[in-house]
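Sharing a model that was predicted from the sequence below.
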Amino acid sequence: MRAHLLTGLGAAILAAGCIPVQIQAPDRPIEINLNVNIRQEVIVRLERDAAELLDQNSDLFGGTTP
């Protein structure tokens, strides 16, 4: 029983080795999608602009900025 199983397994491995494998380049270019968080940069810029505006107009809200 084992001899038949090993013989069949060996034959399957040899047959798999005879199958040709072809590798082709894709027709379309590969697209890499990078999800970059730009929101944080925009918020920082707005915060800096707002801080500068408040520094320039310290009497705008009746006091100075911390």
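Now that the structure is in, tell me what you want to look at. Numbering: from 1, shown residues only.

Please count neighbours and contacts with C-alpha atoms only from this point.
OK.

Please verify my assumption that Leu54 contacts Glu47.
No. In this structure, Leu54 sits apart from Glu47 without contact. The criterion is Cα atoms under 8 Å, and the distance is 10.5 Å.

More neighbours: which of those two?
The residue with the greater number of neighbours, taking Leu54 and Glu47 and applying other Cα atoms under 10 Å, is Leu54; the counts read 16 against 12.

which element is Asp27 on?
When secondary structure is defined using DSSP states H and E, no element contains Asp27, which sits outside every helix and strand.

longest helix anywhere in the chain?
Residue-count comparison of every helix in the chain, with assignments taken from DSSP state H, identifies helix 39-56 as the longest.

in it, what's buried?
By neighbour count, with 16 or more other Cα atoms under 10 Å as the criterion, the buried positions of helix 39-56 are Leu54.

Can you show me the CA trace of it as PDB?
Listed next in PDB are the C-alpha coordinates belonging to helix 39-56 (Å, rounded to 0.1, in the frame of the first residue of the first chain):
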ATOM      1  CA  ARG A  39      -5.200  66.800   6.700                       C
ATOM      2  CA  GLN A  40      -2.800  67.000   9.600                       C
ATOM      3  CA  GLU A  41      -0.500  69.400   7.700                       C
ATOM      4  CA  VAL A  42      -3.400  71.600   6.700                       C
ATOM      5  CA  ILE A  43      -4.600  71.800  10.300                       C
ATOM      6  CA  VAL A  44      -1.100  72.700  11.500                       C
ATOM      7  CA  ARG A  45      -0.800  75.500   9.000                       C
ATOM      8  CA  LEU A  46      -4.200  76.900  10.000                       C
ATOM      9  CA  GLU A  47      -3.300  76.700  13.700                       C
ATOM     10  CA  ARG A  48       0.000  78.600  12.900                       C
ATOM     11  CA  ASP A  49      -1.800  81.200  10.800                       C
ATOM     12  CA  ALA A  50      -4.500  81.700  13.500                       C
ATOM     13  CA  ALA A  51      -1.800  82.000  16.300                       C
ATOM     14  CA  GLU A  52       0.000  84.700  14.200                       C
ATOM     15  CA  LEU A  53      -3.200  86.500  13.500                       C
ATOM     16  CA  LEU A  54      -4.100  86.500  17.200                       C
ATOM     17  CA  ASP A  55      -0.500  87.700  18.100                       C
ATOM     18  CA  GLN A  56      -0.900  90.600  15.600                       C
END
